[in-house]
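**Q** Fold the following.
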Amino acid sequence: MTTIGYSDRINHALAFAAKHHDQEVRKGTRLPYFTAPANAAVILTRYGQDEETVVAAILHEAVDDYLRDGYSEPSIRQRLEDKFGASAVDAALGATRRRLDDDGVELSHEEQKIDHLQRLASASARSRWVLAAREVHEASTLLADLRRTAFPDSIWLRFAEGREAKLRWYRQISDRLDAVGFDGAIMGELHGVADALAAYAEQRGALR
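**A** Numbers count the residues shown, from 1 in each chain. This next block holds a predicted model:
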């Protein structure tokens, strides 16, 4: 693949995401939440992914918000497909945790994670790239925050599931992507940051 660079469609998606996430900040920081989809897009562009995949990454967090707010997948498609196309919306949905199962039953937080991992077997390559880029950004940001603070426990308090569950998730997602046959070049980076986080946590535990 070749790097696509800037396009009007990507600009449109960025403008949409900036408006959607207006006033939102990353938990425990003053950084705009919009940095998450923007950085996922940068990561994908660095790996030469196509416009559809980059747009899907920019839309991903908004799609996640819609699902959390109770919107159905058909209603999300209705809101976004005319603006950004079915392929990009499909890829964003495929990279996002469901809140309801196929029978419309609400899933617990842990069930959502299990369902998410299982659905990667049938997810498109674009969805897998979007998810990998999101996790690389999130894990890399977490590691940077931990390394720059003298109070790492305050960083871990951002996550309701706790430190061990968060560390385990990065390992689960990288291992699952391997298991379903995803061999994108980004996997080296994803495994690397998951390993670095585990090593950091182990070292901090040994120092106590």
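
**Q** Going by contacts, tell me the helices and strands next to the longest helix belonging to the chain.
**A** In the chain, with assignment by DSSP state H, the single longest helix is helix 125-148. Counting contacts by 3 or more C-beta pairs under 8 Å, 6 or more residues apart in numbering; DSSP states H and E, helix 125-148 is packed against helix 35-46, helix 51-68, helix 86-94, helix 152-156, helix 163-179, helix 186-207. In short, each C-beta sits where N, CA and C put it, glycine included.

**Q** can you list the ones you listed in CSV and add distance to Leu80 and mean pLDDT?
**A** Shown next, in CSV, are the helices and strands packed on helix 125-148 (distance: least, C-beta to C-beta, whole Å; pLDDT from 0 to 100):
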stretch, distance to Leu80, mean pLDDT
helix 35-46, 14, 94
helix 51-68, 7, 94
helix 86-94, 5, 96
helix 152-156, 33, 90
helix 163-179, 24, 95
helix 186-207, 24, 88
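
**Q** Of all those helices, which one comes closest to Asp22?
**A** Closest of the helices and strands packed on helix 125-148 to Asp22 is helix 51-68, at 11.5 Å (criterion: C-beta to C-beta).

**Q** circling back to that earlier point, kindly calculate the angle that the longest helix of the chain makes with helix 186-207.
**A** 30 degrees (axes from the mean of the first three to the mean of the last three C-alpha atoms, to 10 degrees).

**Q** and the gap between the most centrally placed residue in the chain and Gln78?
**A** Residue closest to the mean C-alpha point of the chain, counted by C-alpha atoms, centre = their mean, is Arg134 at 3.1 Å. Plainly put, Arg134 is 24 Å away from Gln78 if you go by C-beta to C-beta, to the nearest Å.

**Q** same check, this time on Ser154
**A** For Ser154 relative to Gln78 (C-beta to C-beta), the value is 41 Å.

**Q** Over to Gln172?
**A** Separation of Gln172 from Gln78 (C-beta to C-beta): 33 Å.

**Q** May I have the longest helix of the chain exported as PDB, CA atoms only?
**A** C-alpha atoms of helix 125-148 as PDB (Å, rounded to 0.1, in the frame of the first residue of the first chain):
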ATOM      1  CA  ALA A 125      -9.100  -6.500   7.800                       C
ATOM      2  CA  ARG A 126     -10.000  -2.800   8.000                       C
ATOM      3  CA  SER A 127     -11.700  -3.300  11.300                       C
ATOM      4  CA  ARG A 128      -8.700  -5.200  12.600                       C
ATOM      5  CA  TRP A 129      -6.400  -2.400  11.500                       C
ATOM      6  CA  VAL A 130      -8.600   0.200  13.200                       C
ATOM      7  CA  LEU A 131      -8.700  -1.700  16.400                       C
ATOM      8  CA  ALA A 132      -4.900  -2.300  16.400                       C
ATOM      9  CA  ALA A 133      -4.300   1.400  15.800                       C
ATOM     10  CA  ARG A 134      -6.600   2.400  18.600                       C
ATOM     11  CA  GLU A 135      -5.000   0.000  21.000                       C
ATOM     12  CA  VAL A 136      -1.400   1.100  20.000                       C
ATOM     13  CA  HIS A 137      -2.400   4.700  20.600                       C
ATOM     14  CA  GLU A 138      -4.100   4.000  23.900                       C
ATOM     15  CA  ALA A 139      -1.400   1.800  25.300                       C
ATOM     16  CA  SER A 140       1.400   4.100  24.100                       C
ATOM     17  CA  THR A 141      -0.300   7.100  25.800                       C
ATOM     18  CA  LEU A 142      -0.700   5.100  29.000                       C
ATOM     19  CA  LEU A 143       2.900   4.100  29.000                       C
ATOM     20  CA  ALA A 144       4.100   7.700  28.400                       C
ATOM     21  CA  ASP A 145       1.800   9.000  31.200                       C
ATOM     22  CA  LEU A 146       3.200   6.300  33.600                       C
ATOM     23  CA  ARG A 147       6.800   7.100  32.800                       C
ATOM     24  CA  ARG A 148       6.400  10.800  33.300                       C
END
